[in-house]
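1. starting from these lines, generate the structure:
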Amino acid sequence: MEFFDTLRQIKTKKEAIQTLFELTKITPKIQNALNIAIEYHDGQKRKSGEPYVIHPICVSCIVAFYGGDESMICSALLHDVVEDTLCDIEFIKSEFGQDVAVLVDALTKIVEIKEELNPNHSSKKLITSALSFRKMLVAAIKDPRALVVKISDRLHNMLTLEPLTHEKQIRISEETLVVYAPIAHRLGISSIKNELEDRSFYHIFPQEYEKIQEYIKENKQSLSLRLNDFTEKLTNMLLKNGLSGSDFRVESRVKRPYSIYLKMQRKGVSIDEVLDLLAVRIIVKDPIDCYKVLGIVHLDFKPIVSRFKDYIALPKENGYQTIHTTIFDESLIYEIQIRTFDMHKSAEYGIAAHWKYKTGGIAPSLEWLNNLQYQDNTIEEFYELAKNDLYQEDIVVFSPAGDTYTLPVGAVALDFAYAIHSELGDNAKEAYINNAKASLLQTLRSGDIVRIISDPESLPKSTWIDAVKTSRAKSHLRIQRQNQIREVEKKSAINILATIFSKDRKIFERYISLKGLDASIHRATKDMGFLQELKNKIKQSFNSQSNFFAKIKMNMLKLKEIELENFLICSNRNVNEVLFDYCCHPKYGDEILAIISGQKAIVHHKLCEKLKDEIEMGVPMVFVQWVKKIKTAFKIIVALEDKKGSLASFLTTLANNNCNVMGISYVGYKSQFSTHCEILFETDMKDVKSFRDFLIRKYKMIEFSSLKDAYQN
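-> Numbers count the residues shown, from 1 in each chain. Just a heads-up that it's a prediction; the model follows:
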């Protein structure tokens, strides 16, 4: 877009201010915000060396261009003063009122992390980003204008990313692609979404971007000729069928680089094998004319039926309305979009079209904001779920009554149940898809009619968390899983106490209930200190009842800590061996419990069905936990550049991340450019996944695998 190119070229404060004055009426409030931004950012520089204040002024230009009101423009000008200067939010509130203050606060990053989060160095940035992101989304539920200012802020950052280091360019671009471009899409602002995607694509995959641009440049003449010929053919056809030249407009274009790249990836083809590089848009006055044009097009060209989509009759959740059809013409394929002028404005400007053009189109639904779950166990989990929900493409499915529900591609029937109501999801028993009985985990397709049968006695399995796609379903299943584990832990704790005292478990059930320990008893399965304390309290409580301990020697109540292999066991019984049953093999870090048979502790996963039955029968149990400091061995195969120092650099990376290298060997082959190297190392780091992802981003990893699971010898 020409406007974005103009913003990119702004290098001085004067140019930025002049652009803002051209875009909006400068009210006293906006002038005051501009003055404060200039004053508080005075002396601050961007990485490029330009005055920092250019950035907030350019962000306010974008907000103004998209029809933002006075409060939005003021908050855009002030969005960094609270975070980066000595200005505080109370001053903003006193100068500009509650409306602007709430928007600025929503856009201010959280820089101080509470101690209880205890982030390590590698996760601190992630937690900071996630907390700030969640804060903005929570505020946006009440006032979605915050999202428009935020994506305008991100857009200007992406337009001026070049001065940053390559690593920062990649990190910011990846976040933009999976978080902020999808938000722009949800708000229906395709012009910002497209720009964010293409800018991110350029920085993340520069070689692929250049290949696509080079192909388009080399074939520009032939592509332009084909488009011009087809556009002329369409125009004549429409005029011949009764539409006047003032009733419609035909636009043509080569598809965007990122859109082309996605098609290449999905179909596994090169760019010259992508059939529908060319797109034509027909814009008319009235919705009924869209269908008249569609009829004309389908009567004269062969349509590809599977590619036809009517988003006018069934608008997307973001308010997008357009008919899509793909046709053949002289062995060439063209995508044709048909929409009205109002629909066109709504598609380009989304939620902002209602401010900028006062269009009567459909406003984007913001239900997705409410569907994002904000009460997850950890902020990292929330961030992953939110990104997953935002980044997904959508499908539309129907209830038997004809109500439409938008779900991510890959969603299953259980996702649909939770989309209707959380209680329906919790009690879902079976599903019918297009009147045929189906699994609750059957993947849905756009257009499916879905009916859910519920049963109060039915509970979805917590193991289905990975099968569902929406954060709403994942969150509810996780809560159910936590409740199930809590119940198992409570009963196990009672069994552990009964085993220590060699008494009937019912005695301890009554004791726990009378002492009001129902809410905390589960801790006895994972907190050794709490178990010891509880054992002593029970002992003191029953000391007055001589017959209770009549058959127990006092020294037999002393708990011993026994370390065997990777496990720490606490019991007054002798345990000399740890075994696994056939039913489950928990890996290191999984939640575990142990029953005792003779002098053997048999370890199970907490959600093991066989263990659940044995717990109900009151089987003897002992406290068990993983040995906290355990080193796990890994094997990696990496392709290193065939140059001096590449192996040393890689080994330094491992050493800096507390990895102890146990062996190195060259495997496979040595090519002209790289050498495959196999390295064995051990580490006690908890978040191996993040470390693996870091290595994959930085090096060409062929393999990364664990050499030993906890239950293997």
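2. my guess is residue 658 contacts residue 685. True?
-> Yes - Residue 658 is within contact range of residue 685, at 6.2 Å (criterion: C-beta atoms under 8 Å). Glycine gets a C-beta too; all of them are placed from N, C-alpha and C.
3. let me see the ranges of the helices in the stretch 351-500 of the chain.
-> Taking DSSP state H, counting those that start in this stretch, the helices of the stretch 351-500 of the chain run over residues 353-356, 367-371, 379-391, 413-420, 422-426, 471-501.
4. ditto for the stretch 551-700 of the chain
-> 609-616, 646-656, 688-698.
5. so which of those is the most surrounded?
-> The highest average neighbour count among the helices of the stretch 551-700 of the chain, using mean count of other C-beta atoms under 10 Å, belongs to helix 609-616 at a mean of 16.
6. what lies in contact with it?
-> 488, 491-492, 495, 581, 583-584, 593, 595, 604-605, 621 (C-beta atoms under 8 Å, 6 or more residues apart in numbering).
7. please report how far the nearest residue to residue 434 once chain neighbours are set aside lies from residue 435.
-> Spatially, and ignoring its direct neighbours in sequence, residue 434 is nearest to residue 449 (5.5 Å; C-beta to C-beta, 6 or more residues apart in numbering). According to C-beta to C-beta, to the nearest Å, residue 449 stands 7 Å off from residue 435.
8. which of the two has more neighbours?
-> Neighbour count, other C-beta atoms under 10 Å: between residue 449 and residue 435, residue 449 has more, with 14 against 9.
9. wait, doesn't the more buried one sit right on residue 399?
-> Yes - Residue 449 lies in contact with residue 399 (C-beta under 8 Å); the separation is 7.5 Å.
10. shaky segments in the stretch 601-713 of the chain?
-> Applying pLDDT under 70 to the stretch 601-713 of the chain picks out residues 629-630, 667-674, 708-713.
11. all strands for it, in order.
-> Applying DSSP state E, counting those that start in this stretch to the stretch 601-713 of the chain gives strands spanning 621-626, 632-641, 660-670, 674-683, 700-706.
12. ok, the stretch 201-350 of the chain next?
-> Counting by DSSP E, counting those that start in this stretch, the strands of the stretch 201-350 of the chain are 248-254, 278-284, 302-303, 309-310, 323-329, 332-340.
13. mind putting these into TSV with distance to residue 271, mean pLDDT and mean neighbour count?
-> Listed next are these as TSV, based on distance: least, C-beta to C-beta, whole Å; pLDDT from 0 to 100; neighbours: other C-beta atoms under 10 Å:
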stretch	distance to residue 271	mean pLDDT	mean neighbour count
strand 248-254	11	94	16
strand 278-284	13	95	21
strand 302-303	24	93	13
strand 309-310	24	92	16
strand 323-329	18	94	18
strand 332-340	14	94	20
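14. any chance of these in CSV, with distance to residue 481 too?
-> Converted to CSV, the strands of the stretch 201-350 of the chain look like this (distance: least, C-beta to C-beta, whole Å):
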stretch, distance to residue 481
strand 248-254, 48
strand 278-284, 46
strand 302-303, 47
strand 309-310, 38
strand 323-329, 41
strand 332-340, 44
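15. nearest to residue 571, out of those?
-> Residue 571 lies closest to strand 309-310 among the strands of the stretch 201-350 of the chain, at 64.1 Å (C-beta to C-beta).
16. touching that closest one from outside, list them.
-> With C-beta under 8 Å, 6+ apart, strand 309-310 has contacts from 323-325.
17. format those as JSON lines; extra columns: distance to residue 306.
-> Shown next, in JSON lines, are the contacts of strand 309-310 (distance: C-beta to C-beta, whole Å):
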{"residue": "323", "distance to residue 306": "15"}
{"residue": "324", "distance to residue 306": "12"}
{"residue": "325", "distance to residue 306": "11"}
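18. can you tell me which of the residues you listed lies closest to residue 153?
-> Nearest member of these to residue 153, counting by C-beta to C-beta, is residue 324, at 31.6 Å.
19. hang on, the closest one packs against residue 311?
-> Yes - assessed by C-beta under 8 Å, residue 324 is found in contact with residue 311 at 7.0 Å.
20. list just the nearest of the contacts of strand 309-310 to residue 405.
-> residue 324 (20.6 Å).
21. and the gap between the residue nearest to that closest one when sequence neighbours are not counted and residue 322?
-> In space, residue 324 comes closest to residue 309 once its chain neighbours are excluded; the distance is 4.3 Å by C-beta to C-beta, 6+ apart. Distance, residue 309 to residue 322, by C-beta to C-beta: 8 Å.
22. ok, residue 478 to residue 468 distance?
-> Distance of residue 478 to residue 468, given as C-beta to C-beta: 10 Å.
23. tell me how many other residues crowd residue 576.
-> 10.
24. touching, residue 238 and residue 296? I think so.
-> Yes - applying C-beta under 8 Å, one finds residue 238 in contact with residue 296, separated by 6.4 Å.
25. which residues of the stretch 101-250 of the chain score low on pLDDT?
-> 111-125.
26. same thing but 50
-> 115-122 (pLDDT under 50).
27. run through the helices of it in chain order.
-> Under DSSP H, counting those that start in this stretch, the stretch 101-250 of the chain gives helices at 121-142, 145-159, 166-175, 181-186, 190-204, 206-218, 220-240.
28. and the fourth one, how far out from the chain middle?
-> I take that to be helix 181-186. Offset of helix 181-186 from its chain centre (C-alpha atoms, centre = their mean, to the nearest Å): 13 Å.
29. my guess is residue 490 meets residue 519, correct?
-> No - with contacts counted by C-beta under 8 Å, residue 490 stays clear of residue 519, the gap being 9.3 Å.
30. more neighbours, those two?
-> residue 490 (22 against 9).
31. residue 238 and residue 296: who's more crowded?
-> Of the pair residue 238 and residue 296, residue 238 is the one with more neighbours under other C-beta under 10 Å, namely 22 against 18.
32. and that one, what is it in contact with?
-> 248, 250, 282, 293, 296.
33. of all the residues you listed, which comes closest to residue 106?
-> Out of the contacts of residue 238, the member with the shortest distance to residue 106 (by C-beta to C-beta) is residue 282, at 39.8 Å.
34. out of the helices of the stretch 101-250 of the chain, flag the one nearest residue 445.
-> With C-beta to C-beta, the closest approach to residue 445 among the helices of the stretch 101-250 of the chain belongs to helix 181-186: 20.8 Å.
35. what does that closest one rub up against?
-> 147, 150-151, 190, 192-193, 196-197, 200, 317-318, 350, 364, 366, 368, 390-391.
36. could you tell me the end-to-end distance of stretch 524-531?
-> 5 Å (C-alpha to C-alpha, to the nearest Å).
37. perfect, I'm done here.
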